[in-house]
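Peer 1: I'd like to go over a predicted model; first the sequence, then the structure.
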Amino acid sequence: MRARTIIHLNIADFSVAVERLIDRSLRDKPLIIAPQAARATVYDMSEEAFQDGVRKGMGLIVARRRCRRATVLPPRPQHYEKAVQCCLRRVMPFSPLVERADGQGHIYLDVTGSHRLFGPPPDIGWRIRKIMRKDLGFDPIWSIAPNKLLAKVASRIVKPTGEYIVAQGEERRFLSPLPLALLPTLPAKQYRRLHAAGLVSIGQAASLSRQELCVLCGSRVDHLYDALRGIDYTPVRHRESDIRNTKNTRNTRNTKNFCFHCCLPEDTNMTQIMRSIVISLAQQAGTALRRQQLACRTIKISLRYSDNISCTRRISTKIPIYLDRELEQQAITCLYRCLRRRVRIRSITLACGNIHQQVRQLSLFSKINEKNRKYHELNKAIDKIHEQFGREKLCRGTVQ
């Protein structure tokens, strides 16, 4: 297989970096990004707050106690999305293969063969960093490695600033002394089992055979076995939607995450309360989808418990959905799949994925078509009322 050259760009504490660009007075102050709610959790934090013990997902009350001098700001996803698009526009001239990773501020480039146009990979990394510092004010970490896994690990060990290059053939020597916690593809459950067995570094775990890993971590260890040795064949996934969005920053609907969050004022394990919240979130998602004439095929529900443990389940449909009734049914099904612990819930998040254009599927039976038409007209009328008078003026009831 042909050797690849992957560059990973990481703008550390991305949302904090964006807020500091908007307000220069925040540049030298500890900063915590969190919703303004009684039981809110930390969305992101600056390096100063991290050094004081603040972590993502931590309760805001606890975070304030650990870093009393921090300034707390609410998250503004729309600003972060625009900043990501600006970063992508600066990066795409250097490679046709650019992937925007799940986390904000993370971008992968496959620059294999690009040296004929732009010079060796280290020069490309320096040029991108210089462009971003000059045009946007960001100072990204960058790393170069033969695959995405190694590039990700390399950027982690130089955070919050710096660069790192992993040469071809140095995969095992690079990973061996590093702690297991730096391996991004290692699930928490497998990490706990390896740590309980006295395995602290990646090199110690890599010395185990496949059969020994199966005894410790279960049967699904093929990916872990390769990751411990620095083997990763995952390609840089080029997405046309990212290209289109960089040409027109107003059109961000294909990459926008339709995510809706509710932090409960009081922790609860009452199913009726959680069900009503999920229905409300599904209705918000339906309104947002219909406003852009979009539909989704995947619904994801995430519950965060009072002990800060989260549970996530998702459900997919054969055809894209966008009506409130359909979204509510799928969201409630997903909620019941999440309820596996007798612990109170702190917050609920609903996210829509696999976004498509709206498609109205006709049935063979006229009664069903008439029923679906009525639901469509009902949602259309409710959306007009919400747009003119606000959501609080009209709430649709449901049958338990």
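Peer 2: Received, thanks.
Peer 1: Going by residue numbers, what spans are strands in the stretch 151-300 of the chain?
Peer 2: Using DSSP state E, counting those that start in this stretch, the strands of the stretch 151-300 of the chain run over 163-165, 258-268, 294-305.
Peer 1: Pull out the buried residues from the last one.
Peer 2: By neighbour count, and taking 16 or more other Cβ atoms under 10 Å as the criterion, the buried residues in strand 294-305 are 294-305. Glycine gets a C-beta too; all of them are placed from N, C-alpha and C.
Peer 1: Check stretch 181-195 too.
Peer 2: Neighbour-count burial for stretch 181-195, counted by 16+ other Cβ under 10 Å, picks out 183, 185-186, 190-191, 193-194.
Peer 1: wait, is D28 part of a helix?
Peer 2: No: per DSSP: H, G, I helix; E, B strand; the rest coil, D28 lies outside any helix segment and is coil.
Peer 1: Ramachandran angles for I319?
Peer 2: In terms of degrees, to the nearest 10, the main-chain angles of I319 are phi -120, psi 150.
Peer 1: Any idea how many residues pack against it?
Peer 2: 11 (other Cβ atoms under 10 Å).
Peer 1: about what we covered before: and the two most separated of the buried residues of stretch 181-195?
Peer 2: The span of the buried residues of stretch 181-195, defined through Cβ to Cβ, is set by T185 and R193 at 15.2 Å.
Peer 1: quick one: the helix or strand hosting E326 to strand 294-305, angle?
Peer 2: Here E326, judged by DSSP states H and E, is contained in helix 324-338. Relative orientation of helix 324-338 and strand 294-305, computed by axes from the mean of the first three to the mean of the last three Cα atoms, to 10 degrees: 30 degrees.
Peer 1: Which secondary structure element of this structure has the lowest mean pLDDT?
Peer 2: Lowest mean confidence among the helices and strands of the chain (mean pLDDT, DSSP states H and E): helix 240-247, at a mean of 48.
Peer 1: any idea how far Q330 lies from S310?
Peer 2: 20 Å (Cβ to Cβ, to the nearest Å).
Peer 1: should've said L264
Peer 2: L264 is 14 Å from S310, by Cβ to Cβ.
Peer 1: Check K130 too.
Peer 2: Taking Cβ to Cβ, one finds K130 at 39 Å from S310.
Peer 1: now swap in G203 and tell me
Peer 2: Distance from G203 to S310, by Cβ to Cβ: 31 Å.
Peer 1: try T71
Peer 2: Relative to S310, T71 is positioned 26 Å away (criterion: Cβ to Cβ).
Peer 1: Ok, R192 next?
Peer 2: Separation of R192 from S310 (Cβ to Cβ) stands at 16 Å.
Peer 1: Would you mind confirming that N379 makes contact with R290?
Peer 2: Yes: with contact defined as Cβ atoms under 8 Å, N379 reaches R290; the gap is 6.6 Å.
Peer 1: residues contacting the closest residue in space to A206 that isn't next to it in sequence?
Peer 2: Of all residues not flanking A206 in the chain, L228 sits nearest, at 4.1 Å (Cβ to Cβ, 6 or more residues apart in numbering). L228 is in contact with 175, 183, 202, 205-206, counting by Cβ atoms under 8 Å, 6 or more residues apart in numbering.
Peer 1: mind running it again at 10 Å?
Peer 2: 172, 175-176, 180, 183, 185-186, 194, 202-208, 213, 221 (Cβ atoms under 10 Å, 6 or more residues apart in numbering).
Peer 1: the more surrounded of L264 and S310?
Peer 2: Neighbour comparison, L264 and S310: the larger count goes to L264, with 19 against 14 (by other Cβ under 10 Å).
Peer 1: residues in contact with that one?
Peer 2: Contact analysis of L264 by Cβ under 10 Å, 6+ apart lists 37-39, 273-274, 277, 304, 306, 344-348.
Peer 1: any weak-confidence spans in this structure?
Peer 2: Applying pLDDT under 70 to the chain flags the ranges 1-2, 38, 102-103, 238-257, 358-369, 371, 386, 388-400.
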